[in-house]
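[1] Build me a model from this:
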Amino acid sequence: MFQSFLFCTGYPDDDHSSICIFILDFLDFVLNGIDVQFNVNTPLELRLVETPFQKGMGDERNVLQKLLSAIHRDEVIYDVGASIGIHTIFMAKKVEQSGQVIAFEPEIQSYNALQENITLNDLENVISLNVAFGSHPHEGFLRSEGGTADFTLTEETSDYNSGLKVNIVQGDDFVREKNLPLPNIVKIDVEGYEHQVIQGLGETLKTDICSMVCCEIHPFLLSKGITSDDVVDLLKSLGFSRIETQPRGKTFHIFCYKHESKK
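    Below you'll find the model as predicted:
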């Protein structure tokens, strides 16, 4: 159910400017029998929320449905690159109160919106953490292209004032230091930084407990010298022998399973 409104005045059919007033409210969606709500504070958040549910706006619906179908009650899920929590909220409701979702999001505005959506849905089985994962501890930069909320993490320092400087931690070290439960499933959406994230989470992903990884690969955003095949091969080296691919415009998702997985 649509609970947010956008009023525009002016000249929408020519080059004149128009004035739009966005009224805060929320969106309600049902997917795979799961009913969720999302805060909508800005037109950009409206786009982010609508993307999984509107044809031609990202084609994310099938990916989310497939991911939800693989998740079971009681499981622990990591959402690496959680953004405002679209996947987080659905997954948390799917695992129910006996399960847990741990959401990692380094960009502060997205992280704040993530927390708002957790509260809106009265979820007590979600841990949200404002942190960036990588292959080793160091500083990096979060940059957004074209005014979108798709933030790319890079290690380049040539343009020091461009982007938000963040501390990157190795995933395995962070899991140990925070004594986090090991995941059954890991979802990764990090806008081109997927190889580094998987490297840093290698020990965690290699455990018998972790049976599935869902990762969006962004071929044109990968670091210099890294290819999509490198990402797939790294996951295979960690025991994920069955790889299923689902294209999505310029990117594609991979669903990775281990031999013993019954997903």
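[2] Going along the chain, name the strands of the stretch 1-150 of the chain.
    Remark: strands assigned in the stretch 1-150 of the chain by DSSP state E, counting those that start in this stretch are 2-10, 18-31, 34-40, 76-80, 100-104, 126-129, 132-134, 138-144.
[3] Tell me the buried residues in the last one?
    Of the residues in strand 138-144, those buried by neighbour count under the rule 16 or more other C-beta atoms under 10 Å are G140, F141, L142, R143. C-beta here means a position set from N, CA and C on the backbone, and glycine is covered the same way.
[4] can I get the strands of the stretch 1-150 of the chain in TSV with mean pLDDT and distance to D208?
    Shown next, in TSV, are the strands of the stretch 1-150 of the chain (pLDDT from 0 to 100; distance: least, C-beta to C-beta, whole Å):
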stretch	mean pLDDT	distance to D208
strand 2-10	44	44
strand 18-31	66	30
strand 34-40	92	28
strand 76-80	98	14
strand 100-104	98	18
strand 126-129	98	23
strand 132-134	95	21
strand 138-144	83	30
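[5] Compare those strands and give me the one nearest Y193.
    In terms of C-beta to C-beta, the element of the strands of the stretch 1-150 of the chain nearest to Y193 is strand 132-134, at 7.0 Å.
[6] and that closest one, what other elements does it pack with?
    Strand 132-134 sits against strand 138-144, strand 164-170, helix 171-177, helix 194-200, with contacts defined as 3 or more C-beta pairs under 8 Å, 6 or more residues apart in numbering; DSSP states H and E.
[7] Each with direction, which strands does it pair with?
    For strand 132-134, the paired strands and their directions (DSSP bridges) are strand 164-170 (parallel).
[8] what's the angle between the partner strand and strand 138-144?
    Relative orientation of strand 164-170 versus strand 138-144 (axes from the mean of the first three to the mean of the last three C-alpha atoms, to 10 degrees): 130 degrees.
[9] residues near P219, how many?
    Close neighbours of P219, defined as other C-beta atoms under 10 Å, add up to 14.
[10] what's the answer for L180, then?
    Neighbours of L180 under the rule other C-beta under 10 Å: 17.
[11] Y257 is nearest to which of the strands of the stretch 1-150 of the chain?
    strand 76-80 (15.1 Å).
[12] Show me the strands paired with the closest one, marking each as parallel or antiparallel.
    Strand pairing for strand 76-80, determined by DSSP bridges: strand 100-104 (parallel), strand 185-188 (parallel).
[13] got those strands as TSV, with distance to E244 columns?
    Shown next, in TSV, are the strands paired with strand 76-80 (distance: least, C-beta to C-beta, whole Å):
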stretch	distance to E244
strand 100-104	22
strand 185-188	14
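[14] just the buried residues of strand 138-144 now: which is nearest R242?
    Scanning the buried residues of strand 138-144 for proximity to R242, where the rule is C-beta to C-beta, the winner is G140, at 31.9 Å.
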